[in-house]
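In: Predicted model follows, preceded by the sequence.
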Amino acid sequence: MVLKVIEILASSTKSWEDAANNAVKEASKSVRGIRSININNQSAIVEDGKISEFRINCKISFEIER
């Protein structure tokens, strides 16, 4: 088995977990066989003393079809 890794930036107004789900959901539109997601970095945008957007930088691995 050979895996390929792509880097994804994703965001959500709800949570970091929702941002991760968004990353997988969007990647799966063009990538088949997603095996895992590795979240490298989390950040957030703050407006008026509250978090308005959750952001993640992640790597998604998937199997290369032969």
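Out: Now that the structure is in, tell me what you want to look at.
In: And L3, how far from E65?
Out: To E65, L3 is 11 Å away according to CB to CB, to the nearest Å. Glycine gets a C-beta too; all of them are placed from N, C-alpha and C.
In: quick one: which of the two has more around it?
Out: Neighbours were counted for L3 and for E65 using other CB atoms under 10 Å; L3 has more, 11 against 7.
In: which residues sit against stretch 43-53?
Out: 11-13, 54-56 (CB atoms under 8 Å, 6 or more residues apart in numbering).
In: Phi, psi for the residue in the chain sticking out farthest from the centre please.
Out: Most distant residue from the mean C-alpha position of the chain: D48, 26.1 Å away (CA atoms, centre = their mean). Per-residue torsions, D48: phi 50, psi 40 (degrees, to the nearest 10).
In: One more: A20?
Out: A20 adopts backbone torsions of phi -60, psi -40, taken as degrees, to the nearest 10.
In: Surely it touches N41?
Out: No. Contact criterion CB atoms under 8 Å: A20 and N41 do not qualify, at 12.0 Å.
In: any idea whether K25 is helix, strand or coil?
Out: helix (DSSP: H, G, I helix; E, B strand; the rest coil).
In: Now do the same for it: its pLDDT.
Out: Looking at K25, its pLDDT reads 97.
In: cool, and V2?
Out: 88.
In: my guess is it contacts E63, does it?
Out: Yes. Here V2 reaches E63: they are 7.1 Å apart, a contact under CB under 8 Å.
In: more neighbours, these two?
Out: Ranked by neighbour count (other CB under 10 Å), V2 and E63 place E63 first, with 14 against 7.
In: still on that earlier bit, tell me which of A20 and N41 has more neighbours.
Out: Neighbour totals were compared for A20 and N41, and A20 leads with 20 against 9 (other CB under 10 Å).
In: any idea which element S30 lies in?
Out: In the assignment (DSSP states H and E), S30 maps to no helix and no strand.
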